[in-house]
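> sequence below, structure please.
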Amino acid sequence: MTDARLAAHLATIAGRILLDVRDSAVFEGKVLGNAGDATANEFLCHALRHARPDDGLLSEEEKDDIARCAMDRVWIVDPVDGTREYGEQRSDWAVHVGLSIGGVAAVGAVALPGLDGGIVLSSDQVSAMPEPVKKPRFLVSRSRPAKEAVALAKAMGGQLVSMGSAGAKAMAVVRGEAEIYLHSGGQYEWDSCAPVAVAAAHGLHCSRIDGSPIRYNMADPYLPDLLICRPAYAERVLDLVASLD
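As a prediction, this is how the structure comes out:
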């Protein structure tokens, strides 16, 4: 199985596991989120260590082994991206399975199990990119929209669209449901590795909000910001962000 097919397969299975945990009716709210995180994480980590024993692994739910920094290939996973949304039984949460090669998000799959029928988007199955629209839609956090996104939406005559997890937002751009996802409130590598791999494979612009490349498998996995957008908007967005400083 190729790396991309493995990522998609594991994201799919983890999504099914999470739906089973949710549908068990044993847990609810924050406890449901914790139970889902732990259960999906155990599956993903066991499966990756079995299928790719020579690769490194970084998971939100595992104690970090800094030895990964000496490895070229490192799997970066988020068992439940959007634990709050999952615990609230919303649809805007995701499962991330990404692979960093040489510090680049090279391979990835993002499952969206909460959508009707569930879908998985991967870096090896690319769809056509929709045409740009005149009034771009900016995806923002439900509770704390990035101030840059708010300012840019106003400057570009765009629209703010609230959504849950980072993966759900990134895949909304891939799917043509929005044009720009700009985040500046801080994330971690597992929040964006798989989404960036998928988005880049689909021809989207992916970078930091200052235009610099996103690097993965760093000793400190914190990432301050992220921009995923349709290429037609990238230059304008980066210029406007720079003008805000």
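
> how far does the top helix by length along the chain sit from its chain's centre?
The residue-count maximum for a helix in the chain (DSSP state H) belongs to helix 29-51. How far helix 29-51 lies from its chain's middle: 17 Å, per CA atoms, centre = their mean, to the nearest Å.

> same for that helix, what does it pack against?
helix 3-23, strand 56-59, strand 73-81, helix 83-87, strand 94-101 (3 or more CB pairs under 8 Å, 6 or more residues apart in numbering; DSSP states H and E). Glycine gets a C-beta too; all of them are placed from N, C-alpha and C.

> in terms of mean pLDDT, which of the ones you listed ranks lowest?
Between these, the one with the least mean pLDDT is helix 83-87; it has a mean of 94.

> sorry, back to before: can you list the helices and strands packed on helix 29-51 in TSV and add mean neighbour count and distance to Gly176?
Formatted as TSV, the helices and strands packed on helix 29-51 follow (neighbours: other CB atoms under 10 Å; distance: least, CB to CB, whole Å):
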stretch	mean neighbour count	distance to Gly176
helix 3-23	20	20
strand 56-59	21	30
strand 73-81	28	20
helix 83-87	22	21
strand 94-101	29	17
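
> out of those, flag the one nearest Gly33.
helix 83-87 (3.5 Å; CB to CB).

> so how far is Ser243 from the residue in the chain sticking out farthest from the centre?
Each residue of the chain has a distance to the centre, and by CA atoms, centre = their mean the biggest one is for Val26: 27.8 Å. Applying CB to CB, to the nearest Å, the value for Val26 to Ser243 is 52 Å.

> show me what contacts Gly158?
Lys135, Pro136, Arg137, Phe138, Leu152, Glu179, Ile180 (CB atoms under 8 Å, 6 or more residues apart in numbering).

> going by distance to Arg144, which of these wins?
Once CB to CB is applied, the member of the contacts of Gly158 that ends up nearest Arg144 is Phe138, at 13.9 Å.

> who's that closest one bridged to?
Leu160, Ile180 (DSSP bridges).

> wait, it sits on Gln159?
Yes: using CB atoms under 8 Å, Phe138 is in contact with Gln159, at 6.9 Å.

> if we can go back for a sec, write the ChimeraX selection for whichever of the contacts of Gly158 are buried.
Per 16 or more other CB atoms under 10 Å, the buried members of the contacts of Gly158 correspond to this ChimeraX selection:
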select :136,137,138,152,179,180
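
> and the longest helix of the chain, which residues are buried?
Going by neighbour count (16+ other CB under 10 Å), the buried part of helix 29-51 is 32-33, 35-37, 39-41, 43-45, 47-48.

> swap in stretch 104-123?
Buried residues in stretch 104-123, counting neighbours by 16+ other CB under 10 Å, are found at 104-114, 120-123.

> returning to that earlier point: nearest to Arg142, out of the helices and strands packed on helix 29-51?
Nearest of the helices and strands packed on helix 29-51 to Arg142, taken as CB to CB: helix 83-87 at 8.3 Å.
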